[in-house]
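Enquirer: Okay, predicted coordinates and the sequence, questions at the end:
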Amino acid sequence: MSNAVSPVRPEDAKAVQDIVARITSAWNENDADRLATVYSEDASIVLPGAHLKGRPAIRDWMAEAFDGKWKGTQVLGAPLELRYIRDDVILLLSQGGAYPPGATEVPVEHAIRGIWVFVKQDGEWIITGYGNTPVRAPIPLPEGPR
């Protein structure tokens, strides 16, 4: 039975938030190996100009990005919506993007909205799909330590 309109159970919401926090931490350290571990082996990512299929492709693309365009950046992924598609599938809509250290906002050229698909495999949540699209407006960073 579908839970599409049910609130996400606190333990599942925490698991998803923990995964996003792991991505943020890995990104902020430019660690493509660690970042790739939150994706399923057959995950799909769609980004402007890129389609990545599978954990190795995700890892390789991120390693190249951390050596180039995204080197030294930090990332924000603030939740907008979190809901079940089924008991073992969660949809997360977020906004954020990459920004340089010391910034007060995600600059317009890097501001995105993302869609994440989490599945429960072997009792653990993992990302099986992700895509993002430009917002075309800056996104203020939340107050507090970064």
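Expert: That came through, no problem.
Enquirer: so where's the longest helix in this protein?
Expert: In terms of residue count, the longest helix belonging to the chain (DSSP state H) is helix 10-28.
Enquirer: in that helix, what counts as buried?
Expert: Across helix 10-28, burial judged by 16 or more other C-beta atoms under 10 Å covers D12, A15, V16, I19, V20, I23, T24, A26, W27. From N, CA and C alone the C-beta is placed, and that goes for glycine too.
Enquirer: give me the number of residues near P79?
Expert: Neighbourhood size, P79 [other C-beta atoms under 10 Å]: 16.
Enquirer: Could you measure from it over to I85?
Expert: Look at P79 and I85: by C-beta to C-beta, to the nearest Å, they are 16 Å apart.
Enquirer: Contacts only, for F66.
Expert: F66 sits next to N30, D31, A32 when contact means C-beta atoms under 8 Å, 6 or more residues apart in numbering.
Enquirer: if we can go back for a sec, so what does the longest helix of the chain touch, helix or strand wise?
Expert: Where contact means 3 or more C-beta pairs under 8 Å, 6 or more residues apart in numbering; DSSP states H and E, helix 10-28 is packed against helix 32-36, strand 74-86, strand 89-99, strand 111-121, strand 124-134.
Enquirer: okay, those in TSV with distance to G68 next?
Expert: Formatted as TSV, the helices and strands packed on helix 10-28 follow (distance: least, C-beta to C-beta, whole Å):
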stretch	distance to G68
helix 32-36	12
strand 74-86	15
strand 89-99	12
strand 111-121	18
strand 124-134	18
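Enquirer: Point out the most buried one among these.
Expert: Mean neighbour count (mean count of other C-beta atoms under 10 Å) peaks for strand 89-99 among the helices and strands packed on helix 10-28, with a mean of 20.
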